[in-house]
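Trainee: show me how the following folds:
(chains A, B, C and D)
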Number of protein chains: 2
Amino acid sequence: MVTQSKAPAKRADAQRSIAAILDAATESLSRNPDASVSEIAKAAGVGRVTLYGHFPSRADLVDAAFAHAIEDGHDALEAVDLSGDPRLALARLVESSWQLVDRFRSLLLAAQSVLPPGRIRSLHEEPMQRVQHLIERGQAEGVFRSDLPTSWLVGTMHSVMHNAADEINAGRLATDQAADCITATVLAAFTPPGHRIPALSDL
Amino acid sequence: MVTQSKAPAKRADAQRSIAAILDAATESLSRNPDASVSEIAKAAGVGRVTLYGHFPSRADLVDAAFAHAIEDGHDALEAVDLSGDPRLALARLVESSWQLVDRFRSLLLAAQSVLPPGRIRSLHEEPMQRVQHLIERGQAEGVFRSDLPTSWLVGTMHSVMHNAADEINAGRLATDQAADCITATVLAAFTPPGHRIPALSDL
DNA sequence: ACTAACTCGAACACTTATGTTCAACTTAAT
DNA sequence: ATTAAGTTGAACATAAGTGTTCGAGTTAGT
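Mentor: Model prediction:
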């Protein structure tokens, strides 16, 4: 997938431009989902026309930036070891996922308002399935609650991380405390009724 | 606060218009945070010029609609009995809050992108404090966890409700199941480490 | 050194929104 | 019945964004 089969191979400066644009788009859209094409071009140190030369429309650009971010995230998440106690695996996964969610949450907003509905979900699907599998394993082993839908638990993990981003943004939470808060909350939320809440320490 | 001291008292038809505009704005913005003034005016069965006659700018209109919604919500929330077991009180509060969050979540988005930063928080402060007081009482009585900041727990309750809205929107959750999922999740998230997760039934 | 690919700014056409003005019409209040 | 308040659509001015075209300059590849 590294080299497309058709296209006559871009020139070196074009590749540099594209990379710069993609980076700038990711950065700009992460700060402001409504960032204009002009802003992004300027941030990339590139002319607006050049940008349109590589990305036919703003939507194409957002799509590319979002896909690029997902790919980055995918690599990071794949490195996480999901074996062993599902609760410990979850803690590890949260730790890694959190940084990604925090970085790209605003980019997601941009994507949501521009990309066709199915597109985002299909890009998310692969990493999401790893989460879902882990949760299902935990449910099967009886350490995660089964009285709520798996999809609900997936969403809960997601939204708790988003909450952390909001709290940090509002100055009510320190960045280095976020991971602990998230882990503690998600672990508690996943614990079956009647069971004891595990402390982070005794796992 | 019902009648402003100065203003020469609006005429009956003007009051009707304002009410219709406010309702239409709430409804339109709840469906689409970017709804245009024209859309809202049309939905209110009123001329665009008339609308501008009452609300100098789009921002003023959004502000008014949002404040109106908060006031509605405030009344509903104030009717909730917060005495007795904090966990039961929380369940009652969640039940009532959930409907409001569901109704107005998109309106909040509109407000966030238009209103000055402090404005939203100041409008939210009063109802939020009731939640915070309840949580603090639960923490003091030892039935809610104290190892996480109170503000974090408040935010968690909020974000879990938002998650429910998303899940419904995505078709992964039925509307009538939402309240139970939220209650179960929030109750679990608030339970202190080492304690057992309470089932909804045995409270 | 030659050429095709690439870059750039300026200018243009197009769209969509906000907010204002005007002049005629309708309605509520006393 | 009079009058002031309210309503209305059409037209206008502004502003900001998107996408395209053009012509001239630069740069990478062979």
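Trainee: helices of chain A, start to end?
Mentor: With helices called from DSSP state H, chain A shows them at A:12-31, A:37-43, A:48-54, A:58-78, A:86-114, A:117-140, A:150-169, A:175-190.
Trainee: buried residues in the last one, which are they?
Mentor: Pointing back at helix A:175-190 there. For helix A:175-190, a neighbour-count test (16 or more other Cβ atoms under 10 Å in any protein chain shown) marks A:Ala178, A:Ala179, A:Cys181, A:Ile182, A:Thr183, A:Ala184, A:Thr185, A:Val186, A:Leu187, A:Ala188, A:Ala189, A:Phe190 as buried. Heads up, the C-betas are built off the backbone N, CA and C, glycines and all.
Trainee: what do you get for the second one?
Mentor: Of the residues in helix A:37-43, those with enough neighbours to count as buried (16+ other Cβ under 10 Å) are A:Val37, A:Glu39, A:Ile40, A:Ala41, A:Ala43.
Trainee: ok, which of these also contact DNA strand C?
Mentor: Restricting the buried residues of helix A:37-43 to those touching DNA strand C (Cβ under 7 Å from any atom of the strand) yields no residues.
Trainee: how about the residues of chain A by DNA strand C?
Mentor: For chain A, the contact set with DNA strand C under Cβ under 7 Å from any atom of the strand comprises A:8, A:10-11, A:13-14, A:16-17, A:45-50, A:53-54.
Trainee: which of those are buried, as a PyMOL select command?
Mentor: Per 16+ other Cβ under 10 Å, the buried members of the residues of chain A next to DNA strand C correspond to this PyMOL selection:
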select buried, chain A and resi 17+46+50+54
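Trainee: biggest separation within the residues of chain A next to DNA strand C, which pair?
Mentor: Spanning the widest gap among those are A:Pro8 and A:Gly45, at 25.5 Å by Cβ to Cβ.
Trainee: point out where chain A drops to low pLDDT.
Mentor: Along chain A, the parts satisfying pLDDT under 70 run over A:1-7.
Trainee: that one - how does it break down into domains?
Mentor: According to automatic domain parsing, chain A comprises the domains A:14-56, A:62-190.
Trainee: residue numbers of chain A in contact with chain B?
Mentor: Residues of chain A lying close to chain B by Cβ under 8 Å from any Cβ of the partner chain are A:145, A:147-149, A:151-152, A:155-156, A:158-160, A:162-163, A:166-167, A:172-173, A:181, A:184-185, A:188-199.
Trainee: which of the residues you listed count as buried?
Mentor: Neighbour counting over the residues of chain A next to chain B (16+ other Cβ under 10 Å) leaves A:145, A:148, A:152, A:155-156, A:158-160, A:162-163, A:167, A:173, A:181, A:184-185, A:188-193, A:197-198 as the buried ones.
Trainee: picking up where we left off before, the buried residues of helix A:175-190 into JSON lines, with extra columns for distance to B:Glu125?
Mentor: Shown next, in JSON lines, are the buried residues of helix A:175-190 (distance: Cβ to Cβ, whole Å):
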{"residue": "A:Ala178", "distance to B:Glu125": "24"}
{"residue": "A:Ala179", "distance to B:Glu125": "28"}
{"residue": "A:Cys181", "distance to B:Glu125": "22"}
{"residue": "A:Ile182", "distance to B:Glu125": "25"}
{"residue": "A:Thr183", "distance to B:Glu125": "29"}
{"residue": "A:Ala184", "distance to B:Glu125": "26"}
{"residue": "A:Thr185", "distance to B:Glu125": "24"}
{"residue": "A:Val186", "distance to B:Glu125": "28"}
{"residue": "A:Leu187", "distance to B:Glu125": "31"}
{"residue": "A:Ala188", "distance to B:Glu125": "27"}
{"residue": "A:Ala189", "distance to B:Glu125": "27"}
{"residue": "A:Phe190", "distance to B:Glu125": "32"}
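Trainee: nearest to DNA strand C, of the residues you listed?
Mentor: Looking at these and their distance to DNA strand C, the nearest is A:Ala178, at 36.3 Å (Cβ to the nearest atom of the strand).
Trainee: neighbours of the closest residue to that closest one other than its chain neighbours, how many?
Mentor: In space, and not counting its chain neighbours, A:Ala178 is closest to A:Ala164: 4.4 Å by Cβ to Cβ, 6 or more residues apart in numbering or on different chains. Close neighbours of A:Ala164, defined as other Cβ atoms under 10 Å in any protein chain shown, add up to 26.
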